[in-house]
Each structure stands twice: as structure tokens, then as C-alpha cells.
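1. Provide a 3D model corresponding to the input given below.
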Amino acid sequence: MALLVLPACLLVLGLLIGPMALMFRISLNQFSPTQLMIEAFSFSNYVQAAADPYYQEVILTTLGMALLCTALTLVIAFPTAYWLGRLESRWKSLVVIATLFPLLVGNVVRSAGWMALFTREGLINMVLLKAHVISEPLTLMYTPKAVVLGIIAVVLPYMILTIAAVIESIPRDLEDAAANLGASAFQQFWRVILPLSAPGVAAGSILVFVLCMNTYATAVLLGGPRFKMMAPAIFDQFVRGNNWPMGATLAFMLLAVTMSFTIFGSIAFARRYRMR
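-> Purely as a prediction, here's the structure:
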């Protein structure tokens, strides 16, 4: 049995662990404006990045956006996931395909579509001006709200399909039994559906949170140059500043923050679910 998983383990080791180990080694080097990178073995880059108020703000902004987008995505996705999980029509497969269809379009293309809506001459401002709802165009582009909408549009299918798969496995008889015992629709949701769908909620939330923490194209195109998140900051260090040690350092800091919150959320959910 161990030999069956050996090829997959070697592939992961070669394509994931190996490059990450090399990147960690680069993060311990020193940056030089003339030589670009000097061989060293120091954690000074981590100390410098952690103590820099700019990178502290970038990390907090990234974390706040990820948590906010995850929460909003969960609230928006759950009703659709419930409907999809309970759907028994012959068109269900087409609905699933329609849910998956946005994933076939790249993030850059989708962000460009949002830009066409959010610009001062875009569709939203044009409709509101025509309807005399506003007297001058709204500033929608290059704002945190635009980034939030763009990120939610990217990650929403993941949350819907993850929760729907769990709700589909919940017997309808449990809801009928709760209704026969006098439970209202809200009580059926709160006491039956939500606890039993908790594994899907947790899995979807963790998946969406990780994707939100690492968003790049949406943050750059909809947030503009002044809106900083970790992925664009890492890109700037690698490509624009040629500072590979600092770029690698920021990448591992992002990885550490993402893993810490993911592990903490998983443990908290497991304890909560065990108590129930």
C-alpha cells in the first residue's frame, strides 16, 4: 500500500517542498543594491519586516479583507447551497455546471469586467445618472469595496459547492421530523441544518480564507496602487525591487499567518463540533 502513494509523495516533495525549501534559504540572504543578493544565514529580514509599520499595515489589511470576504461569502453562499443541495430536478447537473462556469474565466478577465462596471463612465454610474438617483458619478474604482466585491465573485462558487455537497447528504426526514415536532423554519435551520452542515461550512470557509489571503489580480486591478495586500507587496519586492530575500521573507510571513489562522479555525471548529 505504501508503494502506491510513493509516486504522489515524490511529486509533492519535488514540486512543492523543494521549491519552498529553496525559497526559505533565499529569505535568509541579504539584499545589496549592487550585488542584489549576498549569501548569508540571518533572520534579519524577518525581524525587519515584522517591525516595519508598513508591512504590519499590509498584513493587517490582508487579514481583515480575508476574514471579511470569507464571512460575507458564507452568508451569501449558504442559501444558494441549501437550494442546490435540496434540488431534485433533472436540471441539477446544469445548475452545477453554471456554478462552476465562472471558474473557467481567469481572475484578470473577471476583474476587467468589474472595472467596466465600476469606472466613473461605467454601467453602474451611467444607470444611476440616467435614473437621476445621483447627480455626479460615484467613486467605485480603486476602493476597498470594489476589492471585496471582486474577491467574493471569485471565491463564491467554492463555498457554494462545498456546502451544497454536505447539505445533499442530510436526510430530508430530519427537517420533516423537526417540523412535526413544532419547530419553525428558523429553528429547523438553527437546530438541524446548520449543525449538520458545519463540516461543509468549515471546509468552505477555510478554502475561501486561503484564497482570499493570496489574492493578487483582484487587489491590483480593483484596489489600485495605493491599496496594498500581501501578494502585490511580494510581487513588488521580487519584480520591481529585485529584492528576492525580502520577497521570500514576506511570502513565508504570509504563509505563516495563513496557516496559523487556518489551524486555529480548524481546532476551534473541531472542539465546537465535538461539544455539539
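2. Name the nearest residue to the residue nearest to the spatial centre of the chain, sequence neighbours excluded.
-> Nearest residue to the geometric centre of the chain (CA atoms, centre = their mean): C212, 2.3 Å. Nearest residue to C212, sequence neighbours excluded (CB to CB, 6 or more residues apart in numbering): A66, at 3.8 Å. All C-beta atoms are positioned from the backbone trio N, CA, C, and that covers glycine.
3. What of I26?
-> A248 (4.4 Å).
4. Helix or strand for the one you found, just tell me which one.
-> Using DSSP states H and E, the element containing A248 is helix 244-275.
5. which helices and strands sit right next to that helix?
-> Judged by 3 or more CB pairs under 8 Å, 6 or more residues apart in numbering; DSSP states H and E, helix 244-275 is in contact with helix 18-27, strand 30-32, strand 36-38, helix 44-51, helix 53-86, helix 198-213, helix 230-235.
6. mind checking which of the ones you listed is nearest A268?
-> Smallest distance to A268 across the helices and strands packed on helix 244-275 (CB to CB): 9.3 Å, for helix 198-213.
7. Can I get the closest one in CSV? Just the C-alpha atoms.
-> Output in CSV follows, covering the C-alpha atoms of helix 198-213 (Å, rounded to 0.1, in the frame of the first residue of the first chain):
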residue,chain,number,x,y,z
ALA,A,198,-21.0,22.5,9.8
PRO,A,199,-18.3,20.3,8.2
GLY,A,200,-19.1,21.9,4.8
VAL,A,201,-19.2,25.4,6.3
ALA,A,202,-15.8,24.8,7.9
ALA,A,203,-14.2,23.3,4.8
GLY,A,204,-15.6,26.0,2.6
SER,A,205,-14.6,28.8,4.9
ILE,A,206,-11.0,27.5,5.2
LEU,A,207,-10.7,27.2,1.4
VAL,A,208,-12.1,30.6,0.8
PHE,A,209,-10.0,32.2,3.5
VAL,A,210,-6.8,30.8,2.0
LEU,A,211,-7.8,32.0,-1.5
CYS,A,212,-8.6,35.5,-0.1
MET,A,213,-5.3,35.7,1.7
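8. Next secondary structure after that helix?
-> Counting by DSSP H and E, the next helix or strand C-terminal to helix 198-213 is helix 217-223.
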